[in-house]
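Chemist: Fold the following and give me the result.
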Amino acid sequence: METQKGRGAVLGLVPARGGSKGIKRKNARLLAGKPLLAYTADAALGARGLSRVLLSTDDPEIASIGKAAGLDVPFLRPAELAVDSTPMIDVVLHVIRWFQDQGLNYDAVCLLQPTSPLRSSATIDRCISLLWDRSVDSVVSVRPVPTEHNPYWVYFEDADGLLRPSMGDKPEVPCRQQLPRAFHADGSIFLARTKTIVAQHSLKCKRMLAAISPEQEAVDLDTEEQWQALEKQLLLKR
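Modeler: Residues are numbered from 1 along each chain as shown. Down below sits the predicted model:
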């Protein structure tokens, strides 16, 4: 288990179950002639801050694709942890416990979902550096929230159909220049210290830092339309 000097061992974890709703069999599908899984595998294996990169899947075909892409696949995920309603934290905790049963412990876990195929090795390493250098519990990749969607300017509709400020009783911010910066998790990288994941049952821990993803990397594939658009973009670059 290799680590960078003065830093802990980080496990890269790629979750890829066989079932998927928005894009059928996406984790076994070719995107511009290359398995979707391979994009994340390449970025993870190129990251200097990751000590090992493991694929968690319940699907033998996806396991084979992962192995061909260079990922470690020491087991198949139990079927009960591969249904639509399975929380991702349960998948992460399963992997942590599996390694602990083998007598192996990692200081942190970096979750890398295949649906963000454009994330780079450099962005992964930047998140890992932030975790150690800033002594926080977790780092999450984010993108800025557009001004018009800032929580201070957003309303919820209550049961009576009336609008309520999303920030409750906090004073309204009258102009754009006074709005606090707001971000949304882009789904690309979730990184946290193992002991904190276990204690808080979350990858979004109390002491959490944001890492802004480059705009060109901030792709999260949820629909067939998004898949087709990205595939066209990738093919045009060749």
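
Chemist: in terms of contact count, name the helices or strands touching the longest strand seen in the chain.
Modeler: What stands out as the longest strand in the chain, according to DSSP state E, is strand 183-193. The criterion is 3 or more Cβ pairs under 8 Å, 6 or more residues apart in numbering; DSSP states H and E, and the helices and strands that strand 183-193 contacts are strand 108-112, helix 121-133, strand 138-144, strand 208-212. To be clear about C-beta, it is placed using only N, CA and C from the backbone, and glycine gets the same treatment.

Chemist: The same query, at a cut-off of 7 Å, please.
Modeler: strand 108-112, helix 121-133, strand 138-144 (3 or more Cβ pairs under 7 Å, 6 or more residues apart in numbering; DSSP states H and E).

Chemist: Turn the ones you listed into JSON lines, columns for mean neighbour count, mean pLDDT and distance to residue 216.
Modeler: Converted to JSON lines, the helices and strands packed on strand 183-193 look like this (neighbours: other Cβ atoms under 10 Å; pLDDT from 0 to 100; distance: least, Cβ to Cβ, whole Å):
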{"stretch": "strand 108-112", "mean neighbour count": "25", "mean pLDDT": "98", "distance to residue 216": "17"}
{"stretch": "helix 121-133", "mean neighbour count": "19", "mean pLDDT": "97", "distance to residue 216": "11"}
{"stretch": "strand 138-144", "mean neighbour count": "22", "mean pLDDT": "97", "distance to residue 216": "11"}
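
Chemist: For residue 231, find the nearest of these.
Modeler: strand 108-112 (20.4 Å; Cβ to Cβ).

Chemist: so how far is the closest one off the chain centroid?
Modeler: 8 Å (Cα atoms, centre = their mean, to the nearest Å).

Chemist: Over to stretch 110-120?
Modeler: 6 Å.

Chemist: circling back to that earlier point, name the next helix or strand downstream of the longest strand of the chain, please.
Modeler: helix 194-200 (DSSP states H and E).
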